[in-house]
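# 3D model of this:
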Amino acid sequence: MLVARFYAPGDIRLEQAPEPTAGPGQLKIAVENCSTCGTDVKIFRHGHHHIDPPRVIGHEIAGRIVQVGEGVEGWAEGDGVQIIAAIPCGTCPECSDGRFTVCSRQKSMGYHFDGGFAEYMIVPEAVLAVDGVNRIPEGLDFAEASVAEPLACVLNGQEIAGVGEGDTVVVMGAGPIGCLHVRLARAKGAKKVYLVDVNRGRLDMSAQIVEPDAAICGEEVDAVEEVLRLTDGRGADVIITAAAAGRAQEDALKMVARSGRISFFGGLPKDNPIISLDSNVVHYKEISIFGANGSSPEHNKRALELIATGAVPVADLITERMALSDVHKAIETVASGTAIKVTIQP
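You can find the predicted model right below:
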């Protein structure tokens, strides 16, 4: 079978490998779709401290079961499934308290276990142990189902920040995650949703599909001033920084309303993670700032349901479908920002 293995930064190789066999407690799936994201770009360029090469990467996974390992119940050959990416241990103090997204012993598909850039893959026992395999509803496209993983992360972030009925929301970053944030905020009853990006081409491409109430190009106007103008000087109830930029986080403090909430959704580069923050703004305006890290198995289930019911449409966000042999092109396309969501179909 064909796989895409990461060996070192800049070195992902297409190779032939033996088909795996499901052991006790495992499932073997034929990968139908494994979508790509900015994390795959980061891995390709810089590697990751949790990846011990060589490793088959890819973590937005949907496929069909072709073998059920001994002792696995409730699943059968032919079942369509979506697989979680972040795997909590289920037993540490954080997991015992229900805080699976900050599990101190978390593992991940495509990092600790071979992922979905392959024709076939093994779903490890650790995934089944935390109920991390989700049945794809009848009629739902596998590519759409693969987007449940990033949507689950978006769902976690918006729940932490309390996005809800009547909110004015600013999403900073018009990539696929930003588009999902716009769609989910709408589904949660937000009154207004504004989309901000410094790249005019990416902003226009995304805004044409998700139709925010305003699309603000930060290279052409002062985004803070524009948000304040749109809100009559009040600011927005929720700011979501879906961009790996310290400037976005700093600007969030300048455009948030009193008693507003800020989600630091996008992580910053490891070599430049420090921002300037006016503590008095947080203090006197009673601003809440939240982190958001990945998703839980339950978030994945609910994200898949949101997609299947049409509450959060994702089909039109999938703008490129490529073969596994085009994995390098797929990663380059994600890096260029010329597509919204790129999915690989092994």
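
# what about the spatially most central residue of the chain, distance to Gly58?
By Cα atoms, centre = their mean, the chain has its centre lying nearest to Pro150, at 2.6 Å. Plainly put, Pro150 is 13 Å away from Gly58 if you go by Cβ to Cβ, to the nearest Å. Where C-beta positions appear, they are placed from N, C-alpha and C, glycine not excepted.

# Same question for Asp167.
Taking Cβ to Cβ as the criterion, Asp167 is separated from Gly58 by 34 Å.

# These two: which has the busier surroundings?
Legend: neighbour count by other Cβ atoms under 10 Å for Asp167 and Gly58, higher for Gly58 (31 against 22).

# what residues are up against that one?
By Cβ atoms under 8 Å, 6 or more residues apart in numbering, the contact set of Gly58 is 4, 34, 36, 40, 109-110, 115-118, 344.

# Let me see the confidence value for it.
Looking at Gly58, its pLDDT is 98.

# just to confirm, which helix or strand has it in it?
With elements taken from DSSP states H and E, nothing contains Gly58; it lies in neither a helix nor a strand.

# Show me the shaky parts of the stretch 1-150 of the chain.
By pLDDT under 70, the stretch 1-150 of the chain contains no weakly predicted segment.

# ranges for the strands of it?
For the stretch 1-150 of the chain, strands defined by DSSP state E, counting those that start in this stretch occupy the ranges 2-8, 11-16, 27-35, 55-56, 60-68, 80-83, 86-87, 107-108, 120-123, 133-135.

# Could I get those strands in TSV, plus columns for distance to Gln158?
TSV is the format used below for these (distance: least, Cβ to Cβ, whole Å):
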stretch	distance to Gln158
strand 2-8	31
strand 11-16	32
strand 27-35	20
strand 55-56	31
strand 60-68	19
strand 80-83	20
strand 86-87	17
strand 107-108	22
strand 120-123	28
strand 133-135	20
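
# So which of those is nearest Arg99?
Across these, Arg99 has its closest neighbour in strand 86-87 (12.5 Å, Cβ to Cβ).
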